[in-house]
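Visitor: based on what follows, work out the 3D shape:
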Amino acid sequence: MELKNLRTLLAVVDQGSYQRAAEHLGYTQSTITVQIQQLEEELGVPLFQRAGRRMVLTPVGEQALAQARELLLAADRLSQLGQAGREPLGTLRVDMAETLLCYRMQPVIQQFRRLAPQVRLIIRSRNCLRIPENVHTGACDLGVGYDMDWNRETLEVESMGRYPIVLLASPEFAHPDFVTPGQRKPVSLITDEPDSLFRRNLEDYLRRRSITLDATLELWSIETIKRCAMSNLGFTYLPRFAAREELADGRLVELEAPISGVPAPTLCARRKNRWVTPAMELFMNLLRESIS
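Guide: Numbering: from 1, shown residues only. Next comes the predicted model:
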């Protein structure tokens, strides 16, 4: 069984399509198709089935995917025997929360690239609910995000610090009272996806206080969220470090409320009982030094 075919299987699943897998691996799409067909012929079962325009794994494909990840991990570990004390090699895949990636990770990434130039570093912005799932399935090697009841039974989880999450608005914001219960406020919450930790916590707080809002502006970029808040289109709830410059020059202000300033634990997770590669160890050490 060719390892390259197993790597192609992982790429198709992780990238979401044959075309993206081909771009990711530097192959033609026909090569991807041939390699998957070869793998299916060797196993004697189909690995994918069509669902509309998408190709999804069959139940046997799901089992094959999990075992392929284990085989490739073992192969990578074998290839790095004798590398102790030398430069880390291979590929490191890290999923992390957008705010951490945008505002806290640049020094870590820069230093990692300097210390491990032979490692192919793949970093993806992911929701904090998705991150532990990806670590568990092997879709990434490390996950860095905010605690959303990450499963300690399957993950090795290490605390990387706690960061205050604050209510933010323009200095012209006309309805800053988020303390008095039973209000209907003619303002909009500017936030991101429904599964965001910050959004969930804030909406729970508003429900407990019976505070209702006129609208929610659901955006998908932290920078866009901040710009809308600075334009007085509403208020938002983000880590203080994500708005450090805007707070310093007065474009945003913190609103006082019991929920504003509550710290959120930041975690780094890897799958239990898996080998920690030199690249993983280096990245985790840099995280400890930089953001703890």
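
Visitor: which pLDDT does the model give residue 292?
Guide: pLDDT, residue 292: 57.

Visitor: for residue 69, same thing?
Guide: 78.

Visitor: tell me the contacts of it?
Guide: 10, 137, 138 (Cβ atoms under 8 Å, 6 or more residues apart in numbering). (Each C-beta comes from the backbone N, C-alpha and C, glycine too.)

Visitor: of the residues you listed - the most surrounded one?
Guide: Most neighbours among the contacts of residue 69, by other Cβ atoms under 10 Å: residue 138, with 19 neighbours.

Visitor: that one reaches residue 95, doesn't it?
Guide: No - taking Cβ atoms under 8 Å as the definition, residue 138 is not a contact partner of residue 95, at 11.6 Å.

Visitor: still on that earlier bit, between the contacts of residue 69, which is nearest residue 256?
Guide: Using Cβ to Cβ, residue 137 comes nearest to residue 256 of the contacts of residue 69, at 42.1 Å.

Visitor: does the closest one really touch residue 68, like I thought?
Guide: No - judged on Cβ under 8 Å, residue 137 makes no contact with residue 68 at a distance of 11.3 Å.

Visitor: helices of the stretch 101-250 of the chain, residue ranges please.
Guide: Ranges of helices in the stretch 101-250 of the chain, per DSSP state H, counting those that start in this stretch, are 106-115, 130-137, 197-208, 222-230, 244-248.

Visitor: okay but residue 18 is in contact with residue 50, surely?
Guide: No - applying Cβ under 8 Å, one finds residue 18 not in contact with residue 50, separated by 11.6 Å.

Visitor: and the longest helix anywhere in the chain, which residues are buried?
Guide: Looking across the chain with DSSP state H, the single longest helix is helix 59-79. By neighbour count with 16 or more other Cβ atoms under 10 Å, helix 59-79 contains the buried residues 61, 64, 65, 68, 69, 72, 73, 76.

Visitor: just stretch 282-292 next, same as before
Guide: Buried residues in stretch 282-292, counted by 16+ other Cβ under 10 Å: 282, 283, 284, 286, 287, 290, 291.

Visitor: re the thing from before, helix 106-115 and whichever helix or strand comes after the longest helix of the chain, what's the angle between them?
Guide: Moving toward the C-terminus from helix 59-79, the next helix or strand (DSSP states H and E) is strand 91-96. Orientation check (axes from the mean of the first three to the mean of the last three Cα atoms, to 10 degrees): strand 91-96 against helix 106-115 gives 180 degrees.

Visitor: for strand 91-96, packing partners?
Guide: strand 120-125, helix 130-137, strand 142-146, helix 278-291 (3 or more Cβ pairs under 8 Å, 6 or more residues apart in numbering; DSSP states H and E).

Visitor: so can I have JSON lines of the ones you listed showing distance to residue 190?
Guide: Formatted as JSON lines, the helices and strands packed on strand 91-96 follow (distance: least, Cβ to Cβ, whole Å):
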{"stretch": "strand 120-125", "distance to residue 190": "19"}
{"stretch": "helix 130-137", "distance to residue 190": "22"}
{"stretch": "strand 142-146", "distance to residue 190": "19"}
{"stretch": "helix 278-291", "distance to residue 190": "26"}
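
Visitor: having no further points to raise, I will conclude here.
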